[in-house]
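*Asks:* Provide a 3D model corresponding to the input given below.
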Amino acid sequence: MFGRRRRRTARSGGPVAFDAAAGLLTARVRDENGAALAGAVMVMRHRRTQRQTTVTADDYGLAVSTVPPGTYLVTLSATGYGELTCTADVSSGDHTSLGDVGLQPNQDRRLPEPGQWVLDPDHSSILFVARHIGLTQVHGRFTRFGGVIDVGERPERSSVDVVIDSASIDTAAKKRDEHLRSPDFLDVTRFPRIHFHGNRFRRAPGDRWLIDGTLSLRGASRGVQLDAGYLGLRAWDGERLGAVAKTQLHREDFTINWQQTLAKGLVVVGSTIEVLVDIQAVRRA
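*Replies:* This next block holds a predicted model:
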């Protein structure tokens, strides 16, 4: 398959070139029940050169990489699961398959006790990413927020409330931040708060949870789903839990319609906003 330098057409229509000396390394990563572990990470370190390559498994748990020939130390991991390490010999022009690789859940990540857990803003962050003129990403954050996680007797019956001071938006550019606070975007004078209430928790593979809720932003309320990863518990200045979450928002859903268009119809600000949340919460006595 890889004995000669071949070219194929990618889905986008552009050519993809394969190095004639490369080999193909694959693994299909599964959880303890045999289901695909989407988002699992495969790290390949060449034993001689120490060159490292990292790929992420697709929705079917399939991790695929073309790498130079040699012996590799391969590590497979996923959030909420223990790592698995093995070696693989990759030959030029050959396909080396690790087959179905099962990962086992971490045993040291017990779920939090029922009760209220209060967000620690000094050790938490609410970040967002937007595309600018189709080239670079603009990264920003909110600096003032608070919230409470109510853990139920059954984790699926938990809820979370987060309130953000919309005027605390910060992209490290004063002029841009002033524009984002204006009626063109967040309109912080009329809508000083952003509120998320999540009341449906569903377990996903590993220590992932899907949290369905309502986001109220700029006078509009829309359904939003968070893809969250539970990071476990630690004792430090009280009992703490950690979690990360991500979601995508379309700003037009919240009547944030300001836009400028460059030549050939290229927009200045992208429609899709990536939101990333990284939190610590402290158990309320």
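*Asks:* list the buried ones in stretch 211-222?
*Replies:* 211, 213, 215-218 (16 or more other C-beta atoms under 10 Å). Every C-beta, even on glycine, is put in place using the N, C-alpha and C of the backbone.
*Asks:* mean confidence score for it?
*Replies:* Averaged across stretch 211-222, pLDDT comes to 96.
*Asks:* quick one: residues in contact with that stretch.
*Replies:* Under the criterion C-beta atoms under 8 Å, 6 or more residues apart in numbering, residues 160, 186-187, 190-191, 194-202, 223-226, 228, 245, 249, 253-256 lie in contact with stretch 211-222.
*Asks:* the most centrally placed residue in the chain bridge partners, please.
*Replies:* Nearest to the centroid of the C-alpha atoms of the chain, with distances taken as C-alpha atoms, centre = their mean, sits Lys246, at 5.0 Å. Assessed by DSSP bridges, Lys246 has beta-bridge partners Asp227, Leu276.
*Asks:* so who does it touch?
*Replies:* Here Lys246 is in contact with 226-227, 274-277 (criterion: C-beta under 8 Å, 6+ apart).
*Asks:* can I get these in a markdown table with pLDDT?
*Replies:* Putting those into a markdown table (pLDDT from 0 to 100) gives the following:
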| residue | pLDDT |
| --- | --- |
| Leu226 | 97 |
| Asp227 | 94 |
| Glu274 | 95 |
| Val275 | 97 |
| Leu276 | 96 |
| Val277 | 97 |
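*Asks:* spatially, which two of the residues you listed are the most separated?
*Replies:* Pairwise distances across the contacts of Lys246 peak at 12.4 Å for Leu226 and Glu274 (criterion: C-beta to C-beta).
*Asks:* out of these two, which sits in the more crowded spot?
*Replies:* Applying other C-beta atoms under 10 Å to Leu226 and Glu274 shows that Leu226 carries more neighbours, namely 21 against 16.
*Asks:* how close does that one get to His132?
*Replies:* 25 Å (C-beta to C-beta, to the nearest Å).
*Asks:* returning to that earlier point: how about the buried residues of stretch 211-222, which pair is most distant?
*Replies:* Those two in these that are separated most widely, counting by C-beta to C-beta, are Ile211 and Arg218, at 21.5 Å.
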